[in-house]
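K.L.:
Coordinates for the following, if possible.
(2 chains)
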Amino acid sequence: MLVTQVPFVITIVISFISWNSLYPNDIAFGWFQNYINVFTDSTMRESVLTTIVLTVVVVLVSLAIGFAVALLLDRKFWGRGVVRTIMIAPFLIVPVAAALLWKHALFNPSYGLLNGGLQWFFGLFGATAPQPDWISNNPLIAVEVALIWQWTPFMMLILLAGLQSRPLDVLEAARVDGATAWQIFRYMTVPHMRRYLELATLLGAIYIVQNFDAVFTITSGGLGTANLPYTIYQQFFQAHDYGAASAAGVVVVVGSLIIANFALRSVSTLLKEENR
Amino acid sequence: MSAPSIAGSTPRSARSVAKTSTGIRRPKKRAANVWLGVVAWLIGLIFVAPVLWMILTSFHSETDAATNPPSLFAPLTLAGYENFFGAGGASPWPALINSATASVVSTLLVLVLSMPAAYALSIRPVKKWSDVMFFFLSTKMLPMVAGLLPIYLIAKQVGALDSVGLLIVIYTSMNLPIAVWMMRSFLSEIPVEILEAAAIDGASLPTIFRRVIVPISGPGLAATALICFIFSWNELLFASVLTSTQAITAPVFLTSFVTSQGLFLAKVCAAAFAVSFPVLVAGFAAQDKLVQGLSLGAVK
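P.N.:
Numbering: from 1, shown residues only, chains lettered A, B, ... in the order given. From the prediction side, this is the model:
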């Protein structure tokens, strides 16, 4: 309580004050000046936009891949347990380490695995391989790919648990009644999974909105990839603008409160079902 | 359920039933299953490939690691690890020890604090227990980054910057809500009858705790601990802002590799794997309970 709630109150107070620690004598009450700056300052506005794009893309793509993999893993095949286990591995790499791995070992234009693979593949046909500089060409996509790689297992786990909680007898009954696989998917699986999809989306969104590690490591917030957490870090740590950092923080809080409101509702429905 | 409406069968589905019952579609279906299995394997391998590549590269020499096209079958060596742990540059050991201290101590504190809370919320629910639960959860949903500045200022005031103790306090409070939620869902799986039987037999509350609750919910407790450990071990933002030299953690240490430094790929991979190793172990150990933890007990 003391550690999580009180600081937020202090943040709200500071967000109304013009306070740059480099000018300790110029602390004044600035009303909404910091908020006006958040929405008028171009870097701030861009970082709000980047945060939204980054979160939406990463959540939707990893949700889609995660759902597909969960559907595949819900069937019986040889080595299912092994595939499930190796699918989790990306989620269990320390985020900074994962970002370093993508930055240096995969995306690097001269010795990264992606360009190395291209070189090898084109070399088979004696052709010259294109050697793009992945991060400089598409900085935001590079960050998104690394994050999607890390978050797909998370989505997959939640959705797989959802799939396995389908009532088997009802499925069997539908099959006996002659429902095709598509019909079962469309009319039984999807409605059942709606709540799990919601939950995975919302929890994923809450975690990814706050992402700092990947942006910090892969692009250091350059090339239009700075999201709000990174900008707050920068405002506070490099520009020492405490007021602006707090105002941006409050914006993040309000944004996540909106998401969290839906998330709480979705958790509470699942909880009620369980208690029924 | 929409099952009856499906059963109001169209001619097409009726025909497919006829086919299935005569066994015509069986081999086709099995073939499809095999193919889908292959697809699942492929996706799994694509996802794990970067991890395997990281491990393989970490055992290559720097020159082999930096070739293009990549050399898969280069001789293996421990040079990357020797480079990371010993020769050249700062030693990672203080950072690893700080990380271990902060993660383990905060995890233990979280367990001690969340057990009674979870007990009060599941086995003997206090009034309005669900409100309390959602209050706990709501604190987790606020982005920590918004509390960064005040925590920094307070820590500066009391002179707690750059200390492992400060990180322990922060990680404990960061993980407490998750732990309470997880623990509640594990404790509510214990049949009330057992607890009543123990109470009738004259067991006191501490005895029930020690002799009944802990043994039954052991795996759940372990999973909770492992997940809290993972979250603390991974944390970067607070550790990088609140520490500078004395108390830096392993992720903060890793950020020194953000800019390229000539031939260092094997060293980076060794570093990334070494730092991730405890999390991989903890994560695979908690595999079965991982979903329940990550979804805050909402999904089993």
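K.L.:
only C-alpha atoms for contact and neighbour calcs from this point on.
P.N.:
Noted.
K.L.:
okay, residue B:12: pLDDT?
P.N.:
Residue B:12 is assigned a predicted lDDT (pLDDT) of 42.
K.L.:
ditto for residue B:159
P.N.:
78.
K.L.:
so which strand or helix has it?
P.N.:
Using DSSP states H and E, residue B:159 sits in no helix or strand.
K.L.:
One more: residue B:225?
P.N.:
Per DSSP H and E: helix B:218-234 holds residue B:225.
K.L.:
Same question for residue A:225.
P.N.:
Applying DSSP H and E, one finds residue A:225 in no helix or strand.
K.L.:
what does residue A:258 give?
P.N.:
Using DSSP H and E, residue A:258 maps to helix A:242-275.
K.L.:
Mind checking if the following helix or strand past the helix holding residue B:225 is in reach of chain A?
P.N.:
Sequence order places helix B:237-242 as the next helix or strand after helix B:218-234, per DSSP H and E. Yes - for helix B:237-242, a contact with chain A is found by CA under 8 Å from any CA of the partner chain, at B:237, B:241.
K.L.:
which residues in chain A form helices?
P.N.:
Using DSSP state H, the helices assigned to chain A run over residues A:6-15, A:33-40, A:42-73, A:80-88, A:95-100, A:113-124, A:134-137, A:139-164, A:168-176, A:181-184, A:190-209, A:213-214, A:228-237, A:242-275.
K.L.:
any idea of the angle the third one forms with helix A:228-237?
P.N.:
Interaxial angle, helix A:42-73 versus helix A:228-237 (axes from the mean of the first three to the mean of the last three CA atoms, to 10 degrees): 140 degrees.
K.L.:
sorry, back to before: highest mean neighbour count out of the helices of chain A?
P.N.:
helix A:95-100 (a mean of 28; mean count of other CA atoms under 10 Å in any protein chain shown).
K.L.:
other SSEs contacting that one?
P.N.:
helix A:139-164, helix A:213-214, helix B:250-254, helix B:265-285 (3 or more CA pairs under 8 Å, 6 or more residues apart in numbering or on different chains; DSSP states H and E).
K.L.:
Might you quantify the distance of the second one from its chain's geometric centre?
P.N.:
Spelled out, that is helix A:213-214. On the basis of CA atoms, centre = their mean, to the nearest Å, helix A:213-214 sits 10 Å off its chain's mean C-alpha point.
K.L.:
mean confidence score for that helix?
P.N.:
For helix A:213-214, mean pLDDT rounds to 81.
K.L.:
Also stretch B:251-267?
P.N.:
According to the model, stretch B:251-267 has a mean pLDDT of 76.
K.L.:
Touching it from outside, list them.
P.N.:
A:94, A:96-97, A:100, A:104-105, A:217-218, B:57-63, B:65-66, B:80-81, B:83-84, B:92, B:95, B:233-236, B:239-240, B:268, B:271-272, B:275 (CA atoms under 8 Å, 6 or more residues apart in numbering or on different chains).
K.L.:
at 6 Å what do you get?
P.N.:
A:217, B:57, B:58, B:62, B:80, B:84, B:236, B:240 (CA atoms under 6 Å, 6 or more residues apart in numbering or on different chains).
K.L.:
Which members of the residues you listed are the farthest-apart pair?
P.N.:
B:62 and B:240 (28.5 Å; CA to CA).
K.L.:
Show me what from the stretch 201-300 of chain B comes close to chain A.
P.N.:
B:234, B:258, B:272, B:276, B:279, B:280, B:291, B:298 (CA under 6 Å from any CA of the partner chain).
K.L.:
you'd agree the third one is up against residue A:98?
P.N.:
Yep, that's residue B:272 we're talking about. No - the pair residue B:272 / residue A:98 is not scored as a contact, 7.4 Å apart, by CA atoms under 6 Å.
K.L.:
Is it possible to get CSV of the residues of the stretch 201-300 of chain B next to chain A that adds distance to residue A:58?
P.N.:
Listed next are those as CSV, based on distance: CA to CA, whole Å:
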residue, distance to residue A:58
B:234, 20
B:258, 22
B:272, 23
B:276, 22
B:279, 23
B:280, 23
B:291, 19
B:298, 22
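K.L.:
between those residues, which has the most around it?
P.N.:
residue B:272 (28 neighbours; other CA atoms under 10 Å in any protein chain shown).
K.L.:
Can you pull out the low-pLDDT segments for chain A?
P.N.:
A:1-42, A:129, A:221, A:239, A:241, A:243, A:263, A:267, A:270-276 (pLDDT under 70).
K.L.:
Chain B contacts on that one?
P.N.:
A:7-8, A:72, A:77, A:83, A:86-87, A:92-94, A:97, A:111, A:116, A:119-120, A:157-158, A:174, A:177-178, A:217, A:249, A:253, A:267.
K.L.:
Counting by contacts, list what the helix holding residue A:258 packs against.
P.N.:
With contacts taken as 3 or more CA pairs under 6 Å, 6 or more residues apart in numbering or on different chains; DSSP states H and E, helix A:242-275 sits against helix A:6-15, helix A:33-40, helix A:228-237.
K.L.:
ok, now with 8 Å
P.N.:
Using 3+ CA pairs under 8 Å, 6+ apart, helix A:242-275 sits against helix A:6-15, strand A:17-18, helix A:33-40, helix A:190-209, helix A:228-237, helix B:129-141, helix B:148-157.
K.L.:
what's the spacing between the one helix or strand residue B:32 maps to and its chain's center?
P.N.:
Per DSSP H and E: residue B:32 is located in helix B:26-58. Relative to its chain's centre, helix B:26-58 lies at 23 Å (CA atoms, centre = their mean).
K.L.:
and it, anywhere near chain A?
P.N.:
Yes - if you take CA under 8 Å from any CA as the test, helix B:26-58 does meet chain A, through B:33-34, B:36-37, B:40-41, B:43-45, B:47-48, B:50-51, B:54.
K.L.:
Now stretch B:269-286: buried residues?
P.N.:
B:269-276, B:278-280, B:282-284, B:286 (16 or more other CA atoms under 10 Å in any protein chain shown).
K.L.:
So what's the gap between that stretch and the chain middle?
P.N.:
11 Å.
K.L.:
Next, the residues that contact that stretch from outside, please.
P.N.:
A:85, A:89, A:92-94, A:97-98, A:100-101, A:105, B:54-55, B:57-59, B:80-81, B:84, B:96, B:222-223, B:226-227, B:230, B:233, B:250-251, B:254, B:290.
K.L.:
Farthest-apart pair in the residues of the stretch 201-300 of chain B next to chain A, please.
P.N.:
Greatest spatial distance in those: B:258 and B:298, 37.0 Å, computed using CA to CA.
K.L.:
re earlier: of the residues of the stretch 201-300 of chain B next to chain A, the lowest pLDDT goes to which?
P.N.:
Per-residue pLDDT puts residue B:298 lowest of those, at 65.
K.L.:
that older thread, could you pull up the mean pLDDT of the helix holding residue B:32?
P.N.:
On average, helix B:26-58 scores 81.
K.L.:
And it, what's buried?
P.N.:
Under 16+ other CA under 10 Å, the buried positions of helix B:26-58 are B:33, B:36-37, B:40-41, B:43-45, B:47-48, B:50-51, B:53-58.
K.L.:
Chain neighbours aside, what residue packs nearest to the residue of the stretch 101-250 of chain B found nearest chain A?
P.N.:
For the stretch 101-250 of chain B and chain A, the shortest gap (CA to the nearest CA) falls at residue B:146, measuring 4.3 Å. Nearest non-adjacent residue to residue B:146, counting by CA to CA, 6 or more residues apart in numbering or on different chains: residue A:249, 4.3 Å away.
K.L.:
mind checking how far the one you found is from residue B:117?
P.N.:
30 Å (CA to CA, to the nearest Å).
K.L.:
do the same with residue B:198
P.N.:
For residue B:198, the distance to residue B:117 equals 21 Å [CA to CA].
K.L.:
The two - which one has more neighbours?
P.N.:
residue B:117 (19 against 16).
K.L.:
re earlier: put together JSON lines for the helices of chain A, with distance to residue B:163 on each row.
P.N.:
Listed next are the helices of chain A as JSON lines, based on distance: least, CA to CA, whole Å:
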{"stretch": "helix A:6-15", "distance to residue B:163": "19"}
{"stretch": "helix A:33-40", "distance to residue B:163": "32"}
{"stretch": "helix A:42-73", "distance to residue B:163": "31"}
{"stretch": "helix A:80-88", "distance to residue B:163": "33"}
{"stretch": "helix A:95-100", "distance to residue B:163": "21"}
{"stretch": "helix A:113-124", "distance to residue B:163": "39"}
{"stretch": "helix A:134-137", "distance to residue B:163": "35"}
{"stretch": "helix A:139-164", "distance to residue B:163": "30"}
{"stretch": "helix A:168-176", "distance to residue B:163": "53"}
{"stretch": "helix A:181-184", "distance to residue B:163": "57"}
{"stretch": "helix A:190-209", "distance to residue B:163": "26"}
{"stretch": "helix A:213-214", "distance to residue B:163": "21"}
{"stretch": "helix A:228-237", "distance to residue B:163": "18"}
{"stretch": "helix A:242-275", "distance to residue B:163": "22"}
